[in-house]
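Student: coords please:
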Amino acid sequence: GIEFEGIFEDATANITVANNQITDTQEDGIFVDDIEGNAVATITVADNTLDTIGADGIEFDLIVEDATANITVANNQITDAQEDNIFIDNIEGNAVATITISDNVIDAANVTGDEAGGDGIEVDFIRDNANATITVANNQISNVAFEGIEFDDIEGDAIATITVENNQINSGETGIEVGDIENRANATIALTGNTITVADEEGIFFDDIENDTVSNITIAENTILSAATQGIEFDVIEDNANATINIVNNQISDVGEEGVFFNDIQENATAAITVTGNTITNAGDDGIELTLIEDNANVTATVTDNTITNPGADGVRIEHTADTDLCLALDNNSVTTPGGDGFELVSNGAGQFQVLDQANVTARNVGTFDPADIETNADFVEGTAGVAPCPWWLWGLVTQDKPRPDPQFFLKLKNRVSNWTWFNHKSAFSTLLEYRLSLYLIELLETRISVIFAAAIDNLSLYLQQSLTGKILWLFNPNITDNLTNEKE
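Tutor: Prediction:
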């Protein structure tokens, strides 16, 4: 194929690989190896046709030391690569990498052999003090043997900002997988607008968030059809990890097991989980399940506005076995024709299972409950926003006399907040702020919010950015009602 080996020391390289036809290679189709030292490399691989490739279709290996790399892989057609179709490996040291992989067409239908086949797009090892911004968008991935899109090993003190959007995926294993975020890494990940039509394992899978990491994850507006196991799964959040996870407005149908599944949150991990506005149809097991919340885990779960039809077991199942307290906001969910109960809440831990608006929770959700009466069951207690473990940003979310925020508003405001330069790499803070600002605006503007949001969201976000610069301490004041009253005056 085509190979570039070694961009070293203080070199500056501008490389374009375009409009080539590469067929029947024994090794990689296009290979760029070793960008290091203080090198600055701008590399574009575009509009190439690769067919019957003996190893990886397009590979970049080793962006290290203090190198800066700007990489674009776009509009390529890759057919029958024997290994990964697009592979980025080893971003480490103090390297800074900006990578865009877009509008590629990948098909591996004719790859054969016991060890044949690979991922559609794979990024491995973002580590040390590397800073990587990666966008994977508008790709068509079909018939790959393993994952459609995979990110593996974000670790050390690395900062990773990852966007995966509007891809079409048909894969032999998981549709989109993120594995091993660990060792103090800071990861901001958004998976939005993807369509996963066939996956022989999970539709979307996060595996192992651990070891003092900070992760801010949004999974929104995806369509997942016919995954063999879970539609969306998180497996193991542990060892002081801090994860903020928003699963919003996804369409999940005909999956073999749970629609949305959290398994094993433990060992001093902190997780703020929001599952809202999702439609889950014909899940083989529970529609939404959180299980093995244990040890000293600190978990806040917001499960609202989901529509669950015909799950094989329970519509929503939440099992708490931790020594610490759990806070649950459960509101406006609908479960019809479940194989088990509409809602099953299990409290076996030494800590409290706290439920916001406990007295009305059975009336505010559609479907049978087990236990049938949460209010009089000693395993459950009333949760109060602003009193641990229920955070103050849940104020007004499930009470009957407050307007409800639209999940789309959360997402759009989040996008605005994340673009403000003074929030760069402050994912936990910006997520906290989005809830606070949303509730503030809803209370302040009342019924007028939809008009202002539709007509002037740009001006509104600019106003917030400018007017709140000097009010950071106000955002963390627990006396929310007093603050809102003062702001109105």
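Student: Averaged pLDDT, the helix or strand hosting Ile22. What do you get?
Tutor: Using DSSP states H and E, Ile22 maps to strand 21-25. Averaged over strand 21-25, pLDDT sits at 96.
Student: Low-confidence regions, the chain specifically.
Tutor: 113-116, 392-393, 395-489 (pLDDT under 70).
Student: Who does Asp370 form a beta bridge with?
Tutor: Under the criterion DSSP bridges, Asp370 forms beta bridges with Glu344.
Student: circling back: give the buried residues for the very next helix or strand once past the strand holding Ile22.
Tutor: Sequence-wise, the next helix or strand downstream of strand 21-25 (DSSP H and E) is strand 30-35. Neighbour counts over strand 30-35 (16 or more other CB atoms under 10 Å) mark Ile30, Phe31, Val32, Asp34, Ile35 as buried. In short, each C-beta sits where N, CA and C put it, glycine included.
Student: Return the list of helices and strands in contact with the strand holding Ile22.
Tutor: Applying 3 or more CB pairs under 8 Å, 6 or more residues apart in numbering; DSSP states H and E, one finds that strand 21-25 contacts strand 49-53.
Student: And the nearest residue to Gly120 once chain neighbours are set aside, which helix or strand is it part of?
Tutor: Leaving aside its chain neighbours, Gly120 sits nearest to Ile141 (3.6 Å; criterion: CB to CB, 6 or more residues apart in numbering). Assigned by DSSP H and E, Ile141 belongs to strand 140-144.
Student: and whichever helix or strand comes after that strand with strand 140-144, angle?
Tutor: Remark: after strand 140-144, the chain's next helix or strand is strand 149-154, criterion DSSP H and E. Interaxial angle of strand 149-154 relative to strand 140-144 (axes from the mean of the first three to the mean of the last three CA atoms, to 10 degrees): 80 degrees.
Student: before we move on, back to that, and the angle for the strand holding Ile22 with strand 49-53?
Tutor: Relative orientation of strand 21-25 versus strand 49-53 (the same axes, to 10 degrees): 0 degrees.
Student: how about strand 21-25: buried residues?
Tutor: Neighbour-count burial for strand 21-25, counted by 16+ other CB under 10 Å, picks out Ile22, Thr25.
Student: Ok, stretch 4-13 next?
Tutor: Phe4, Ile7, Ala13.
Student: again, but for stretch 206-220
Tutor: In stretch 206-220, counting by 16+ other CB under 10 Å, buried: 206-211, 213-220.
Student: From those, which land in strands?
Tutor: Per DSSP state E, strands hold the following members of those: Phe206, Asp207, Asp208, Ile209, Glu210, Val214, Ser215, Asn216, Ile217, Thr218, Ile219, Ala220.
Student: Quick check: the second one touching Val178?
Tutor: Spelled out, that is Asp207. Yes - look at Asp207 against Val178 with CB atoms under 8 Å: they come within range, at 7.3 Å.
Student: quick revisit: who does the residue nearest to Gly120 bridge with?
Tutor: Ile106, Ile169.
Student: again with Ala69
Tutor: Beta-bridge partners, per DSSP bridges, of Ala69: Ala41, Ala97.
Student: List the contacts of it.
Tutor: Residues in contact with Ala69 (CB atoms under 8 Å, 6 or more residues apart in numbering) are Ile35, Val40, Ala41, Thr42, Ile43, Phe60, Ile63, Ala95, Val96, Ala97, Thr98, Ile99.
Student: cool, Glu375 as well?
Tutor: Gln358, Ala359, Val361, Thr362.
Student: so which of these comes closest to Asp235?
Tutor: Among the contacts of Glu375, Val361 lies closest to Asp235 (CB to CB), at 27.9 Å.
Student: Got phi/psi on the closest one?
Tutor: Per-residue torsions, Val361: phi -60, psi -40 (degrees, to the nearest 10).
Student: What number of residues are in the vicinity of it?
Tutor: By the criterion of other CB atoms under 10 Å, Val361 has 21 neighbours.
Student: Equivalent analysis for Ala109, please.
Tutor: 10.
Student: quick one on the thing from earlier: give the other helices and strands that the strand holding Ile141 contacts.
Tutor: By 3+ CB pairs under 8 Å, 6+ apart, strand 140-144 packs against strand 105-107, strand 168-171.
Student: which of those sits most buried?
Tutor: Ranked by mean neighbour count, the helices and strands packed on strand 140-144 are led by strand 168-171 with a mean of 24 (mean count of other CB atoms under 10 Å).
Student: What helices and strands are in contact with that strand?
Tutor: If contacts are counted by 3+ CB pairs under 8 Å, 6+ apart, strand 168-171 sits against strand 140-144, strand 195-199.
Student: Pretty sure Thr79 sits against Asp107.
Tutor: Yes - in this structure Thr79 lies within contact range of Asp107 using CB under 8 Å: 5.3 Å.
Student: shared neighbours, these two?
Tutor: Counting by CB under 8 Å, 6+ apart, nothing touches both Thr79 and Asp107.
Student: what angle do the helix or strand harbouring Leu62 and strand 21-25 make?
Tutor: Using DSSP H and E, Leu62 sits within strand 58-63. Orientation note: strand 58-63 sits at an angle of 80 degrees relative to strand 21-25 (the same axes, to 10 degrees).
Student: Pull the residues that contact strand 58-63.
Tutor: For strand 58-63, contacts defined as CB under 8 Å, 6+ apart pick out 28-36, 43, 45, 50, 69, 71, 73, 76, 78, 84-92, 95, 97, 130.
Student: Show me the strands paired with it, marking each as parallel or antiparallel.
Tutor: Strand pairing (DSSP bridges) places strand 58-63 next to strand 30-35 (parallel), strand 86-91 (parallel).
Student: nearest to Gly259, of the helices and strands packed on strand 168-171?
Tutor: strand 195-199 (13.2 Å).
Student: Return the closest one as PDB; C-alpha atoms alone will do.
Tutor: Extracted C-alpha coordinates of strand 195-199, given in PDB (Å, rounded to 0.1, in the frame of the first residue of the first chain):
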ATOM      1  CA  THR A 195     -28.300   3.800  14.100                       C
ATOM      2  CA  ILE A 196     -27.200   0.200  15.100                       C
ATOM      3  CA  THR A 197     -29.300  -2.300  13.200                       C
ATOM      4  CA  VAL A 198     -27.500  -5.500  13.900                       C
ATOM      5  CA  ALA A 199     -25.100  -6.300  16.700                       C
END
